[in-house]
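In: pasting the sequence and the predicted coordinates here, then a few questions.
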Amino acid sequence: MKVWKQKLATAVLAGMLLGAGCTEELDPRPPSAELTEEELLEIQENAAAAEEIAKKADDVAERVRSIETDEATAEIVQRAQEKAESAEAKVNSATNRAERQEAKRSLTAAEDAIKQAEEALAKAEQEAVVDQEELKRSLTEDAQAAVEEARALAEETQIMVEQAPADRMAETERLQEQSEIIADKAEEARRRAAIAEARLRKAEERLKNAQTPEERSAAERELAAAQLEYDRAKELLAEAEEEINQLEEQVVSMRGNLQPGGDKATPETRRYELLPAPAETESDRIQDLNVVYFDFDQSSIRSEFETQLRDNFRWLQQNPGIKIQLEGHCDERGTNEYNLALGERRARAVLSYMIDRLGADPNRFTIVSFGEERPAQMGKSEESWSLNRRVEFTRL
């Protein structure tokens, strides 16, 4: 039995015996010190409040262990636990009205501290969910980008097989077969990422709605299993991306070998380093060349811009001494990191079309992504956003 329960029982018994006149052996206090009904009620209320606060303190302690919190949140929770323990100790040790009043004030302070801790934890849990959503979105999008890149390589190697001379046929066929295998691996990573994301969402929802310790335990096991599958998808994607990078280098080298004159292209003609660009420096956009615009969150070239890219290619043929920088841009929606990557994918898509479909010289190009940093038109409407999702041809 807890201390406060023992004291409550003693107090109740003492009050009953004092009312019956039996005071010498159980309580040396004079009859004027007999516990009143109000005092007994106060003891009961303090005891019940102490028990409720102890439960809440245990709950916040369990919640803080289930997520990664910052130091400030952890300190708030720790302070709430300390106040709860202090209040319970005062309830247990109170022997008179003044001490019981002090214990009651401590209980109120502990209750306020626990409310503050619960608010801080709710915010931390929401941020954890947002972080997890961003992580899952990033993996799924990365997997989709890998699939698209692998399929593009597979198409390119198929064209190489059709155009290769007899002495290069075996090598190009090997590359074509290898690209298909890698594309399948990337597709499997994308499929696993999508399944893992769905299972994570379901497990998180179950954990959020769990009412009993058994339900919470089952939801936590389901969440752990889903996280394991997510990690496996992430590993598979990393393997596929590494193999795509290696295959790209082989394809670029093979493309150089198949070019007239045997001039070999370097791996950098397809995979460029992102170039830093000072925000205060305006690009020298070539007005005679068309800008390519994109749909929201997309990097594929729309059919209506293929004619404009062919026009750009003809202009480049007429101006052989000019080198081009392809600048990828995005609208303001999304994180800066995501938009930088999306801008790069858009620039790469235009570069791939110019080189692979039209036969442009890869040595004349480089790419850069500005993400959302250089909007063509300010505003928060679709009209403005549609003008900002673009790739521009600028003079290098």
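Out: Yep, that arrived.

In: so Glu149 versus Ala226, what's the distance?
Out: 27 Å (Cβ to Cβ, to the nearest Å). Just so you know, the C-beta spots here come from the backbone N, C-alpha and C atoms, and that holds for glycine as well.

In: please disregard the earlier target; I meant Val368.
Out: Taking Cβ to Cβ, one finds Val368 at 38 Å from Ala226.

In: over to Gln287?
Out: In terms of Cβ to Cβ, Gln287 sits 52 Å off from Ala226.

In: show me the shaky parts of this protein.
Out: Within the chain, the ranges that satisfy pLDDT under 70 run 1-34, 64-70, 125-139, 163, 167, 252-283.

In: which stretches of it form helices?
Out: Using DSSP state H, the helices of the chain run over 3-20, 37-66, 71-93, 97-163, 169-209, 213-258, 306-318, 336-352, 382-388.

In: ok so, going back, the more surrounded of Glu149 and Ala226?
Out: Glu149 (24 against 20; other Cβ atoms under 10 Å).

In: for the nearest residue to the more buried one once chain neighbours are set aside, grab the count of nearby residues.
Out: Leaving aside its chain neighbours, Glu149 sits nearest to Ile244 (5.7 Å; criterion: Cβ to Cβ, 6 or more residues apart in numbering). When neighbours are defined as other Cβ under 10 Å, Ile244 has 22 of them.

In: then Ser303?
Out: 7.

In: how about the one 5 residues further on?
Out: Using other Cβ under 10 Å, Gln308 has 15 other residues around it.

In: that one contacts Asp288, correct?
Out: No: counting by Cβ atoms under 8 Å, Gln308 stays clear of Asp288, with 11.6 Å between them.

In: list the buried ones in stretch 84-94?
Out: Of the residues in stretch 84-94, Ala84, Ala87, Glu88, Lys90, Val91, Asn92, Ala94 count as buried by neighbour count, 16 or more other Cβ atoms under 10 Å.

In: which of the helices of the chain is buried the deepest?
Out: Scoring the helices of the chain by mean neighbour count under mean count of other Cβ atoms under 10 Å gives helix 336-352 as the most buried, with a mean of 21.

In: outline the domain layout of this protein.
Out: 3-126, 272-396 (automatic domain parsing).

In: which one of the ones you listed lies nearest to Arg174?
Out: domain 272-396 (19.6 Å; Cβ to Cβ).

In: how distant is the closest one from the center of its chain?
Out: Mean-position distance between domain 272-396 and its chain equals 27 Å (Cα atoms, centre = their mean, to the nearest Å).

In: with stretch 147-161 instead?
Out: 31 Å.

In: which residues are contacting it?
Out: 169, 172-173, 175-176, 178-180, 182-183, 185-187, 190, 240, 244, 247-248, 251, 254-255, 258, 299-300, 352, 356 (Cβ atoms under 8 Å, 6 or more residues apart in numbering).

In: can you do 6 Å?
Out: 172-173, 175-176, 179-180, 182-183, 186-187, 190, 244, 247, 251, 356 (Cβ atoms under 6 Å, 6 or more residues apart in numbering).

In: ok, stretch 305-325 next?
Out: With Cβ under 6 Å, 6+ apart, stretch 305-325 has contacts from 288-290, 292, 353, 358, 360, 364-366, 368, 393-394, 396.

In: next, format the domains of the chain as a markdown table and append distance to Asn209.
Out: Shown next, in a markdown table, are these (distance: least, Cβ to Cβ, whole Å):
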| stretch | distance to Asn209 |
| --- | --- |
| domain 3-126 | 14 |
| domain 272-396 | 29 |
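
In: quick one, which of these is nearest to Arg232?
Out: domain 3-126 (21.6 Å).

In: neighbours around Asn290, how many?
Out: 17.

In: what about it, distance to Leu316?
Out: Counting by Cβ to Cβ, the gap from Asn290 to Leu316 is 12 Å.

In: same check, this time on Lys202
Out: Using Cβ to Cβ, Lys202 is found at 52 Å from Leu316.

In: mind listing what Leu247 touches?
Out: Leu153, Ser179, Ile182.

In: ok, so of these, who is nearest Arg105?
Out: The nearest member of the contacts of Leu247 to Arg105, counting by Cβ to Cβ, is Ile182 at 68.8 Å.

In: that closest one contacts Asn245, doesn't it?
Out: No: with contact defined as Cβ atoms under 6 Å, Ile182 does not count as touching Asn245 (10.2 Å).

In: and the domains of the chain: which comes nearest Thr212?
Out: domain 3-126 (13.3 Å).

In: any idea how far stretch 88-99 is from the chain center?
Out: With Cα atoms, centre = their mean, you get 49 Å for stretch 88-99.

In: would you put the C-alpha positions of it in PDB?
Out: Listed next in PDB are the C-alpha coordinates belonging to stretch 88-99 (Å, rounded to 0.1, in the frame of the first residue of the first chain):
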ATOM      1  CA  GLU A  88       3.800  13.000  -4.300                       C
ATOM      2  CA  ALA A  89       6.400  13.200  -1.600                       C
ATOM      3  CA  LYS A  90       4.800  16.200   0.100                       C
ATOM      4  CA  VAL A  91       1.400  14.400   0.000                       C
ATOM      5  CA  ASN A  92       2.900  11.400   1.700                       C
ATOM      6  CA  SER A  93       4.700  13.400   4.400                       C
ATOM      7  CA  ALA A  94       1.900  15.900   5.200                       C
ATOM      8  CA  THR A  95       0.900  15.600   8.900                       C
ATOM      9  CA  ASN A  96      -1.100  18.800   9.400                       C
ATOM     10  CA  ARG A  97      -3.300  21.200   7.600                       C
ATOM     11  CA  ALA A  98      -0.500  23.600   6.600                       C
ATOM     12  CA  GLU A  99       1.600  20.800   5.100                       C
END
